[in-house]
Each structure stands twice: as structure tokens, then as C-alpha cells.
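build me a structure from this.
(one chain, ligands or ions: 2)
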Amino acid sequence: MSLIPSVPSPIPYEGPASLNPLAFKFYDPTEMIDGRTLSEHLRFSIAYWHAFRGTGSDPFGPGTIVRPWESGSDPVSIAKKRMDAAFEFFEKIRAPFWCFHDRDIAPEGSSLAESNKHLDALVAHGGELQKATGVKLLWGTANLFSNPRYMCGAATNPDASIFAYAAAQVKKAMEATLELGGENYVFWGGREGYETLLNTNLKREQDHLAAFLHMAVDHAKAIGFRGQFLIEPKPKEPTKHQYDFDVASGIAFLRTYGLEGHFKFNIETNHATLAGHTFQHEIEVAAAAGMLGSIDANSGDPLLGWDTDQFNTDIRELTLAMVSILKAGGLGSGGLNFDAKLRRPSIDIEDLFYAHIGGMDAYALAFKIARKILADGTLDEFVRQRYASYDTGFGQRIEAGAIGFRELEEIALGAPEPQPASGRQEYLENLILSYTAPRHF
Ligand code: XUL
Ligand code: CO
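Ligands and ions are numbered 1, 2, ... in the order given. Okay, here's the model as predicted:
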């Protein structure tokens with residue numbers, strides 16, 4: 001029996017001219033490109049916590065979104081019915097993947113053992129639904145931030161018994177991810193940071209976080225989990241200062257503690273902008289280190305200074321991100337996970353469809369434009385030319401580490417004064433506009 005009868009069938013692809021709000025305009029999941037379907041290229045995923053646990057609540061008021069399946073007296077039965085609705089949605093929106101936190105899918109019990117029992121029941125249910133629908137798990141994770149026990153952190157908590165509790169929770173969440181065939185496992189350290197240095201031993205907390213991650217690496221080996229571990233950086237919120245501030249500080253942290261071979265990054269657009277970077281910047285920093293893993297697809301609001309987690313239809317931003325992702329060779333086992341939520345007044349189930357249709361269409365269009373930009377080659381060729389002096393002669397020896405200051409001084413003294421070359425930023429911005437501008441006027 002359908003739990004979402006008002007949207008009776010899967011969302012069709014109707015092409016760019018369609019005005020049907022419940023149709024894709026740019027995302028045809030079956031379109032073949034370079035021997036793979038568009039669905040296989042983009043690997044869209046639905047975030048369970050927003051799509052099926054989001055209520056529209058904010059610090060000033062309770063939830064506004066009421067779903068019919070959220071009724072009953074037994075929380076495990078409600079969780080199963082909710083999951084049935086979620087998989088009906090995944091199928092109708094034609095998303096090949098989903099993602100979850102342990103506590104999104106199963107209610108927390110009155111003890112860790114009871115929570116584990118609930119999780120087992122919902123993982124079994126999820127396994128059946130995955131088999132019936134073909135929807136797969138992009139990644140799993142543990143919620144180490146909502147319960148008050150984690151108010152001072154999980155792996156960075158000053159109390160070792162909280163560290164132990166968090167370890168037990170992640171162990172179980174990793175096992176759930178393995179059981180459901182998850183292709184990645186995410187660590188987002190929302191409360192791994194500090195509110196004030198007055199009560200914080202920063203060095204010990206960072207050492208503890210590293211010890212925790214080493215234990216996760218060891219446990220993955222022990223249970224045969226071969227999925228990719230991903231760090232999801234965020235500078236702040238809920239904690240004032242988070243240790244995984246951005247990709248660059250994450251790389252430094254992983255290298256400091258000998259963890260760099262085991263982790264890549266899950267980059268979230270709104271986290272990038274909260275850190276004072278662009279989305280593309282974070283992608284480029286990860287790609288430069290060979291650590292680009294996956295994307296949490298969303299957007300912030302430039303007028304607001306917090307994590308608004310909105311659906312992103314900014315074609316320019318997504319095109320530039322896609323250019324960098326494609327140049328890096330794609331996301332491998334990662335994907336595009338809509339870590340995005342409805343606005344508080346968007347209370348209808350149709351709103352959930354509109355939101356994801358827009359997000360998927362925007363990424364599909366950006367993917368196609370980025371491919372065109374790369375195929376045309378003008379942008380790449382401009383950048384290549386800009387560094388051409390390093391391709392030969394002493395420039396090449398600089399890159400090879402085969403020359404020093406003394407010889408470079410001789411070269412500089414003997415050569416004519418270097419002539420500056422234009423960076424051509426405005427020309428390049430116009431070039432991007434020529435690709436992203438609508439063409440139907
Ligand atoms: C919070 C956030 C999380 C992670 C998973 O800002 O992005 O939902 O994606 O824990
Ligand atoms: Co996220």
C-alpha cells in the first residue's frame with residue numbers, strides 16, 4: 001500500500017521545455033554518456049535525516065511538517081513504517097542511493113544494548129527494502145552529537161567513559177553500514193571541538209580524536225569493511241570551533257597522526273562557505289591531495305551566517321564545482337548526497353519532490369555544462385599556458401627540485417626584466433557565462 005499516494009508514479013524525464021513541476025528537465029537517469037548512465041555518473045543520494053526526520057523545527061519554534069506515517073505507539077514500528085515511506089520516495093525520485101545516521105533510522109533505547117537491538121531491527125528492514133528496490137547505501141554514520149551525553153564531544157570528550165560509549169556506537173554503526181553494503185563511512189565531528197579554551201586541553205583532545213580514528217581503521221580491518229572512510233569538515237556549529245575546520249586543516253590533522261592513507265573527504269557546500277571558502281576551493285584542496293571522496297550537496301544563504309542546508313540551484317557554482325570534480329577524475333565510491341532540508345513553511349510531501357527534482361536537475365545540467373567546458377578546452381588551455389614557463393628550461397628544474405637560489409639568482413641577473421602577463425579574470429568570467437547563460441531567448 002502506497003504511503004505517498006499523491007505522487008503516484010516515478011518522476012518522469014520530460015526535457016528542458018517541460019513545465020511540469022513533477023518532472024525532470026535535465027536529469028534523465030537512463031541517458032547514456034561515455035558508456036555509463038547519468039544516474040551512474042552522478043550517484044545521487046537522499047539524506048535520511050533531513051528527508052525523513054526533518055520536522056521544520058528551529059530554535060524559535062517546533063516542527064511544522066507532519067507526515068501521516070509518524071503515528072503509533074511503538075517507536076520501532078513507526079520507524080519501520082517511516083522507512084517504508086522513505087524507500088517509496090527513493091524509488092519515486094529515482095535516487096540510486098541513500099545515507100543515514102544510526103539514530104535516524106532506529107530510535108535510541110533506554111540503554112546502549114536496547115539501542116543496538118532497535119538498530120538491528122531497522123538494519124534488517126533496510127536490507128529487505130534495499131533488495132526489493134535496488135536502492136543502495138552510499139554511506140552510514142553515527143549520530144554523536146544529539147544526545148546530551150555528547151554535549152562536550154564524543155571522541156574529544158574530557159570523560160573517557162563518553163569516549164568508550166562513542167566507540168561502541170561507531171563500532172555498531174560501522175557494522176550496520178557493512179551489513180547494508182555501504183560504500184563509504186562518514187565521520188562528521190559536530191561536537192569534536194570546543195566552546196572555550198578555558199576548560200579545554202586542545203592537544204589531548206586532538207590526540208584522542210586521532211586515537212579514535214585509528215581504532216575505527218583497525219575495526220574496519222577486523223570486520224572486513226572495505227568501504228572508504230570520509231571526514232566531513234565543518235568549521236563551527238554546533239561547536240564554536242571544530243577540529244575538522246576545513247579540508248586543509250583536515251589533511252594536516254590526518255597527516256600529523258599517520259591517518260592520511262585511510263581517509264578522504266566528504267565536502268559539503270554550506271560547510272565550505274561557513275569556513276570562508278567556496279565549494280570549488282574545498283574540492284580543489286581535497287583533489288590536490290588525492291583525497292576527494294564525496295559531496296554533501298546543498299547550499300547556504302549568503303545573507304545568513306549559519307548552516308541553512310538548502311537545495312542548490314545555482315548553476316554557476318555547481319558548474320565550477322563539477323569542472324573541478326571531473327578534472328579530479330570523479331568521486332569514485334562517493335556520490336552527490338542531498339544533505340539539504342525543506343524550509344520550515346514547505347510542509348507538503350510534494351515540496352520534498354520539488355526540492356530534490358530541482359537539486360538533481362541543477363547537478364545534471366552543471367555536469368553537462370562542465371563536460372562541455374572541458375571538452376572545448378579553452379579554460380584548461382588558458383591555465384596551462386599560464387604555467388608554461390615551468391614546462392621547460394629552469395622552470396621545469398624548479399618543479400623537479402633540481403635548482404637552487406644561487407643558480408636562479410644568476411638567471412635573474414642575466415635576464416631582461418620579467419614582463420607581467422594579464423590574469424584575464426573578466427575574460428574568463430565571460431567565458432563561463434557563455435556556457436551557463438540560458439539559451440532560449
Ligand atoms: C551537519 C552535517 C551532518 C553530516 C553527517 O552539518 O552535515 O549531517 O553530513 O553527520
Ligand atoms: Co553533511
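
what are the ranges of the helices in the stretch 151-300 of the chain?
Applying DSSP state H, counting those that start in this stretch to the stretch 151-300 of the chain gives helices spanning 160-179, 202-223, 247-256, 269-274, 279-288.

could you tell me the angle between the second one and helix 247-256?
Pointing back at helix 202-223 there. Here helix 202-223 runs at an angle of 70 degrees relative to helix 247-256 (axes from the mean of the first three to the mean of the last three Cα atoms, to 10 degrees).

helix 202-223 packs against which elements?
Helices and strands touching helix 202-223, by 3 or more Cβ pairs under 8 Å, 6 or more residues apart in numbering; DSSP states H and E, are helix 160-179, strand 184-187, strand 228-231, helix 247-256. Backbone N, C-alpha and C define where each C-beta goes, glycine included.

so which of the ones you listed gets nearest ligand 1?
Among those, strand 184-187 comes nearest to ligand 1, with 5.6 Å by Cβ to the nearest ligand atom.

how far off centre is the closest one?
10 Å (Cα atoms, centre = their mean, to the nearest Å).

so is it next to ligand 2?
No. Judged by Cβ under 5 Å from the ion, strand 184-187 and ligand 2 are separated, with a smallest distance of 7.8 Å.

next SSE after the longest helix that the chain contains?
Secondary structure of the chain per DSSP state H: the longest helix is helix 349-376. Reading on from helix 349-376 to the C-terminus, the next helix or strand found by DSSP states H and E is helix 378-386.

just the residues contacting that next one, thanks.
Outside helix 378-386, the residues that touch it by Cβ atoms under 8 Å, 6 or more residues apart in numbering are 323, 327, 373-374, 421, 423-424, 428, 431-432.

now do stretch 353-368
Contacts for stretch 353-368 (Cβ under 8 Å, 6+ apart): 7, 11, 21-28, 38, 41-42, 44, 46, 51, 92-93, 95, 297, 311-315, 318-319, 321-322, 326, 336, 338, 340, 342, 346.

contact partners for Asp351?
The contact partners of Asp351, by Cβ under 8 Å, 6+ apart, come to Leu342.

separation between the closest residue to ligand 1 within the stretch 1-150 of the chain and ligand 2?
When scored by Cβ to the nearest ligand atom, the stretch 1-150 of the chain has Thr141 as its residue closest to ligand 1, at 5.0 Å. Using Cβ to the ion, to the nearest Å, one obtains 9 Å as the distance from Thr141 to ligand 2.

that residue reaches Met174, doesn't it?
No. Checked against Cβ atoms under 8 Å, the pair Thr141 and Met174 is beyond contact range at 9.4 Å.

anything in contact with each of these two?
With Cβ under 8 Å, 6+ apart, Thr141 and Met174 have common neighbours Tyr185.

rewinding a little: which of the contacts of stretch 353-368 fall in helices?
Using DSSP H, those in helices are 38, 41-42, 51, 92-93, 315, 318-319, 321-322, 326.

which one among the residues you listed gets closest to Leu274?
Ala321 (16.2 Å; Cβ to Cβ).

check the gap between whatever residue of the stretch 51-200 of the chain ends up closest to ligand 2 and Phe382 for me.
Taking Cβ to the ion as the measure, the point where the stretch 51-200 of the chain comes nearest ligand 2 is Trp188, at 6.0 Å. Using Cβ to Cβ, to the nearest Å, we find Trp188 at a distance of 37 Å from Phe382.

show me which of those two is the more surrounded one.
Neighbours were tallied for Trp188 and for Phe382 using other Cβ atoms under 10 Å; the higher tally belongs to Trp188 (24 against 14).

leaving out chain neighbours, which residue sits closest to the more buried one?
Glu232 (4.0 Å; Cβ to Cβ, 6 or more residues apart in numbering).

same question for Ser2.
That would be Glu88: by Cβ to Cβ, 6+ apart, it lies 6.5 Å from Ser2.

how many neighbouring residues does the closest residue in space to Pro158 that isn't next to it in sequence have?
Closest residue to Pro158 apart from its sequence neighbours, by Cβ to Cβ, 6+ apart: Cys152 at 6.1 Å. Number of residues near Cys152 (other Cβ under 10 Å) recorded here: 18.

returning to what we had before: let me see the contact set for the residue nearest to Ser2.
Glu88 neighbours (Cβ under 8 Å, 6+ apart): 2-4.

okay, the residues you listed in a markdown table with pLDDT next?
Below are the contacts of Glu88 laid out as a markdown table (pLDDT from 0 to 100):
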| residue | pLDDT |
| --- | --- |
| Ser2 | 97 |
| Leu3 | 98 |
| Ile4 | 98 |
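
so among the residues you listed, which ones count as buried?
Neighbour-count burial (16 or more other Cβ atoms under 10 Å) applied to the contacts of Glu88 gives 3-4.

can I get the contacts of Glu88 in TSV including distance to ligand 2?
Listed next are the contacts of Glu88 as TSV, based on distance: Cβ to the ion, whole Å:
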residue	distance to ligand 2
Ser2	30
Leu3	26
Ile4	25
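
go through the contacts of Glu88 and flag which are in strands.
Among the contacts of Glu88, no residue falls in strands (DSSP state E).

from the contacts of Glu88, pick the one nearest Phe394.
For the contacts of Glu88, the minimum distance to Phe394 (Cβ to Cβ) is 65.5 Å, reached by Ile4.

quick one: Asn270 from ligand 2, how far?
8 Å.

with adjacent residues omitted, what lies nearest to that residue?
Nearest non-adjacent residue to Asn270 (Cβ to Cβ, 6+ apart): Gly300, at 4.1 Å.

list the buried residues of stretch 425-441.
Those would be 432, 435-436, for stretch 425-441 by 16+ other Cβ under 10 Å.

of the residues you listed, which is the nearest to ligand 2?
Nearest to ligand 2 out of those is Thr436 (Cβ to the ion; 25.7 Å).

specify the angle between the host helix or strand of Gln130 and helix 160-179 in degrees.
Assigned by DSSP H and E, Gln130 belongs to helix 112-133. Following the same axes, to 10 degrees, one obtains 20 degrees for the angle between helix 112-133 and helix 160-179.

what's the first helix or strand after helix 112-133?
Next element after helix 112-133 (DSSP H and E): strand 136-141.
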